[in-house]
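Visitor: Compute the structure for the input listed below.
(one chain, ligands or ions: 1)
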Amino acid sequence: MLRAHELTKRYGDRTVVHGLSFTVHPGTVTGFLGPNGAGKSTTLRMILGLDAPTSGHATVNGRPYAAHRAPLTQVGALLEARAVHPGHTARDHLHALALTHGLPRRRVDEVLELAGLTDVADRRVKGFSLGMGQRLGIASALLGDPSTLVLDEPVNGLDPEGVLWIRTLLKSLAAEGRTVLVSSHLMSETALTADHLVVIGRGRLLADTSVTDLLRRAGTGGVRVVTPRAADLHRALRAAHPRAEITTTAPDTLDVRGADAPHIGRAAADHAIPLYELTPQDASLEQAFMDLTQDAVEYQGATA
Ligand SMILES: Nc1ncnc2c1ncn2[C@@H]1O[C@H](COP(=O)(O)OP(=O)(O)OP(=O)(O)O)[C@@H](O)[C@H]1O
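Guide: Numbering: from 1, shown residues only. So this is what the prediction gives:
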């Protein structure tokens, strides 16, 4: 379990993380979201003991990171800047890491396998693609078999196969009961993997919510209607539902708000208007994310 309690970080006179508190629970993938520069990396660095908070504190499995005798067995991390000697092979790198942290050597083969690196284990890291480097970072994070994982933008720059691999891996790590915190600035990507979201903007907490609740709060979109008689349907809907908002988005397509699909279907049937499509639109998570972060910008402006 991870806990941030009133975490604050100031650089000079700029406060980049403001009194941030949240808890990341085991058994779920939690997405840590915010636009570029929101303070995600700074927060993760404070959680991992790489940056000292100006005030507040963070704990990993009940204690500050630095208070753990064998931190790699508690929390595995993938941060953007990785220190891997380019002349070393993947296996050398993991062996060195295992040795310095008193971890069993056999674990190296296990994580190479887990990360799909067995075939390239004896190749020098300098020849690695971005995706292979990312896999090596994840193999390093898993080396101590930690119950908690913190990954900063793990899908950045990966090809579709790599993205799919990460999604599947994160879900299976959470299903094993681990605590998984994964940062991203992409809502749609994160929602495919995460069950829970902690959203920040300009260093402040904007939402700590399940993906389902966020969607529910965002409300539903309109109904997309495709018909060869759009003008006739437009008139019929106006008459039947005077309060509905109807927008013609293409010659044969209407976007209708304020009347649901059954009512639109009924109005069309009453006038024998054929429908080729009648689709309730889900609220877009991307839109919900933009609405949330937009508020943060306004809030900042109002208090500056
Ligand atoms: N060492 C530092 N000194 C001064 N300012 C810093 C330092 N590190 C980060 N910042 C500033 O703090 C703010 C938050 O940065 P941070 O990297 O934590 O954001 P982020 O949410 O991870 O963004 P991104 O998605 O772009 O990585 C930024 O405005 C950044 O310029």
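Visitor: quick one: the helices in the stretch 201-304 of the chain?
Guide: 211-218, 230-240, 261-270, 285-303 (DSSP state H, counting those that start in this stretch).
Visitor: any weak-confidence spans in this structure?
Guide: Within the chain, the stretches with pLDDT under 70 are 81-83, 219-220, 282-283, 295-304.
Visitor: what number of residues lie near residue 52?
Guide: 10 (other C-beta atoms under 10 Å). (C-beta placed from N, C-alpha, C; glycine too.)
Visitor: I'd say it and residue 46 touch.
Guide: Yes: judged on C-beta atoms under 8 Å, residue 52 makes contact with residue 46 at a distance of 7.4 Å.
Visitor: which residue sits closest to the residue nearest the centre of the chain, ignoring its sequence neighbours?
Guide: Nearest to the mean C-alpha position of the chain, by C-alpha atoms, centre = their mean, lies residue 190 at 3.2 Å. Computed as C-beta to C-beta, 6 or more residues apart in numbering, the closest residue to residue 190 that is not its neighbour in sequence is residue 31, at 3.7 Å.
Visitor: Residue 193 now?
Guide: That would be residue 167: by C-beta to C-beta, 6+ apart, it lies 4.8 Å from residue 193.
Visitor: Name the residues of the stretch 1-150 of the chain found near the ligand, please.
Guide: 11, 16, 34, 36, 37, 38, 39, 40, 41, 42 (C-beta under 6 Å from any ligand atom).
Visitor: most surrounded residue in the residues you listed?
Guide: residue 34 (26 neighbours).
Visitor: three-state assignment of the spatially closest residue to that one that is not a sequence neighbour?
Guide: In space, and not counting its chain neighbours, residue 34 is closest to residue 200: 4.2 Å by C-beta to C-beta, 6+ apart. Under DSSP: H, G, I helix; E, B strand; the rest coil, the three-state class of residue 200 is strand.
Visitor: Can you give me the distance of residue 56 to residue 275?
Guide: 56 Å (C-beta to C-beta, to the nearest Å).
Visitor: let me redo that: residue 66
Guide: 63 Å.
Visitor: Have a look at these two and say which one is more surrounded.
Guide: residue 275 (16 against 11).
Visitor: Would you mind giving both backbone torsions of the residue nearest to residue 190?
Guide: phi -90, psi 130 (degrees, to the nearest 10).
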